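Asks: model the following, please.
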Amino acid sequence: MEKNRLQELRKKQVIYLNTLFILLVGVLLTLILTGVQSSMIYILLGITFLIPVLSVQIFKKANPLLELFPAMKELHLYEREKLKKSWRNYYTASSILQVAVSLFFFSQVIVRDQSGAFIDGIPLWYLFAIPLLFLILMNNNLRLHAKKIDLKTEEQLQVYAYERRLFAIVFASVALVMIVLGSIFVILVS
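Replies: Numbering: from 1, shown residues only. A predicted model of the protein is given here:
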């Protein structure tokens, strides 16, 4: 793919992902500020992190929502061609981590007091600081992702995808053990 075309697609990707993120945060903030119960927010967050996992595993697409936007299908095909057979390893790593985060949110439905609104006891500035932090992390991750895909060779990407998947398995395993032990502890103490 031409360098100018790739840069144009990457800029659009950033704009589209940021737009989707801001819409999601807007919906969640609206629900939170209207006093929705904690369980509903945690379930929505858990589902939100599962959607990309299902997309990768079932539809074999990294982000089907992006393909709703013009030219993003072209970028998806470029990345898939660049990664070749390591495509699955590369995106499975993200899926593993997202499942761990999703399980954390679902566990919150079980261990937290669900009688009050989600906003009870949370300083208002958290509702703006946390999404801002996630927005920064998402954009940084997107920039690193683009750099790795665009600059590495197929062989380098195969090694990187394998290492990425291995790290994700280890990290998610540790996180899962911590979630289970933490949930058991909270249930026993309460």
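Asks: going along the chain, name the helices of the chain.
Replies: Applying DSSP state H to the chain gives helices spanning 3-33, 38-54, 72-83, 87-111, 126-151, 154-189.
Asks: can you tell me which of the ones you listed is most buried?
Replies: Across the helices of the chain, averaging neighbours per residue (mean count of other Cβ atoms under 10 Å) puts helix 87-111 on top, at a mean of 19. C-beta: built from backbone N, CA, C; applies to glycine.
Asks: from the contact counts, what lies against that helix?
Replies: When contacts are defined as 3 or more Cβ pairs under 8 Å, 6 or more residues apart in numbering; DSSP states H and E, helix 87-111 sits against helix 38-54, helix 72-83, helix 154-189.
Asks: coming back round to it: got the helices of the chain as a markdown table, with distance to residue 60 columns?
Replies: Output for those, formatted as a markdown table (distance: least, Cβ to Cβ, whole Å):
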| stretch | distance to residue 60 |
| --- | --- |
| helix 3-33 | 19 |
| helix 38-54 | 11 |
| helix 72-83 | 9 |
| helix 87-111 | 8 |
| helix 126-151 | 17 |
| helix 154-189 | 15 |
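Asks: so which of the helices and strands packed on helix 87-111 is nearest residue 101?
Replies: Judged by Cβ to Cβ, the one of the helices and strands packed on helix 87-111 that comes nearest to residue 101 is helix 38-54, at 4.8 Å.
Asks: just the angle between that closest one and helix 87-111, please?
Replies: 170 degrees (axes from the mean of the first three to the mean of the last three Cα atoms, to 10 degrees).
Asks: from the contact counts, what lies against helix 38-54?
Replies: Using 3+ Cβ pairs under 8 Å, 6+ apart, helix 38-54 sits against helix 3-33, helix 87-111.
Asks: now those in a markdown table, with mean pLDDT and distance to residue 148?
Replies: Output for the helices and strands packed on helix 38-54, formatted as a markdown table (pLDDT from 0 to 100; distance: least, Cβ to Cβ, whole Å):
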| stretch | mean pLDDT | distance to residue 148 |
| --- | --- | --- |
| helix 3-33 | 92 | 12 |
| helix 87-111 | 88 | 9 |
